[in-house]
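Visitor: coords please:
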Amino acid sequence: IYILSVVILAGVKIYGTASGHGATRWITVPVLGKVQPSEFVKVGLILFFADYLQKLKEDINHPHALLMEALYFSIPVGLVMIQPNLSTTIIMTVIVAAMTFASPLKLKWIFAFLGVVVVVLGLLFYLFSSGLYDKIPILQGYQVQRILTFLNPSENSNDYYQQMWSIMAIGSGMFNGKGLFNNSIFSVKNGNFLVEEDNDFIFAVIGEELGFRGSLIIIIIFLLIILECLIIAYRAKTLSGRLICVGVMAWIGFQTYTNIAVATGLFPNTGITLPFFSRGVSSLLSVYFGFGIVLNVALQRKT
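Guide: Alright, predicted model coming up:
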């Protein structure tokens, strides 16, 4: 699974299809059409690291085991980053970090990792506040522009309109919403003001059509799904089964939070889909695969 993940990510760089920003993230396959392999690699990494941490659970606190894990992690994530696809890179990092934290890892390593994260975020904040963002090698021009727009929306109003219309759509739904699939001329969606309304900003459509009430119900459903993953993880008979559930939980939880945070203006525009709702064969199938494996873990009654 790990080798296949690396091979298909390398294939994307060689045979992939580029987007408007020059990012090469998709390959074209018969029947399905354009497929984004990095979505399926998320499932592959969950399975691989669950097995890896299961086998090394006695030695997981040795520096050698952690360095090998970092090496295994850096190859596929590096291939995703050079597409470039920073948002998926962050999601993969959160997944593997959550799985590692859920293994028999000592607190000193967890605090060390969190300390590094704080330092990196502080450095990024300093570079952006000082205008030295061109010194950050991992960020592309359009990614830098999205962050600058988030930090100073009034100075980058032309680039902030996507999130501005998204916030307006959600607010206009008020408590009850304007009705599912409504034809109102006062709809932000019907006026074609929303960009990527069936993908990245689908939560804006949810907020406008179903209102605060419908949006809250959907968020509660996601919270129940995350809670069920944790319950299955607690009852799992093996460490690998527990880690699979934790990985899927971190994936769905973080991706859902990020998508809603972008739609409501709490995060910079990232291009992350909302699980189960956003259009996209790759995103939908990969989530189904992940939850299918979690349900399989729940069926295992013996070690």
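
Visitor: Please name every helix or strand in contact with the top strand by length along the chain.
Guide: As assigned by DSSP state E, the longest strand anywhere in the chain is strand 24-29. Counting contacts by 3 or more C-beta pairs under 8 Å, 6 or more residues apart in numbering; DSSP states H and E, strand 24-29 packs against helix 2-15, strand 17-18, strand 33-35. (Each C-beta comes from the backbone N, C-alpha and C, glycine too.)

Visitor: Mind checking the pLDDT average for the last one?
Guide: Put plainly, it is strand 33-35. Averaged across strand 33-35, pLDDT comes to 80.

Visitor: Which helix or strand lies directly C-terminal to whichever strand or helix holds L123?
Guide: Under the criterion of DSSP states H and E, L123 resides in helix 107-129. Counting by DSSP H and E, the next helix or strand C-terminal to helix 107-129 is helix 141-151.

Visitor: buried ones in that following helix?
Guide: Using 16 or more other C-beta atoms under 10 Å as the burial criterion, the residues of helix 141-151 that qualify are Q143, Q145, R146, I147, L148, T149, F150.

Visitor: Rebuild the residues you listed as a markdown table, extending it with pLDDT and distance to G11.
Guide: Below are these laid out as a markdown table (pLDDT from 0 to 100; distance: C-beta to C-beta, whole Å):
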| residue | pLDDT | distance to G11 |
| --- | --- | --- |
| Q143 | 73 | 24 |
| Q145 | 74 | 29 |
| R146 | 77 | 28 |
| I147 | 77 | 30 |
| L148 | 74 | 33 |
| T149 | 75 | 33 |
| F150 | 73 | 33 |
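
Visitor: from those residues, which is closest to G271?
Guide: R146 (9.0 Å; C-beta to C-beta).

Visitor: The closest one contacts V262, doesn't it?
Guide: No - counting by C-beta atoms under 8 Å, R146 does not reach V262; the two are 9.7 Å apart.

Visitor: can you list residues touching both of those two?
Guide: Residues touching both R146 and V262 (C-beta atoms under 8 Å, 6 or more residues apart in numbering): P268, N269, T270.

Visitor: which among those gets closest to Q83?
Guide: Closest approach between the shared contacts of R146 and V262 and Q83, by C-beta to C-beta: T270, at 14.2 Å.

Visitor: hang on, that closest one is in a helix, isn't it?
Guide: No - counting by DSSP: H, G, I helix; E, B strand; the rest coil, T270 is not part of a helix but coil.

Visitor: what's the neighbour count on it?
Guide: 20 (other C-beta atoms under 10 Å).

Visitor: for it, phi and psi?
Guide: Taking degrees, to the nearest 10, you get phi -120, psi -20 for the backbone angles of T270.

Visitor: State the pLDDT value of the closest residue to it other than its chain neighbours.
Guide: Spatial nearest neighbour of T270, excluding adjacent residues (C-beta to C-beta, 6 or more residues apart in numbering): S87 at 4.3 Å. At S87, the model reports a pLDDT of 86.
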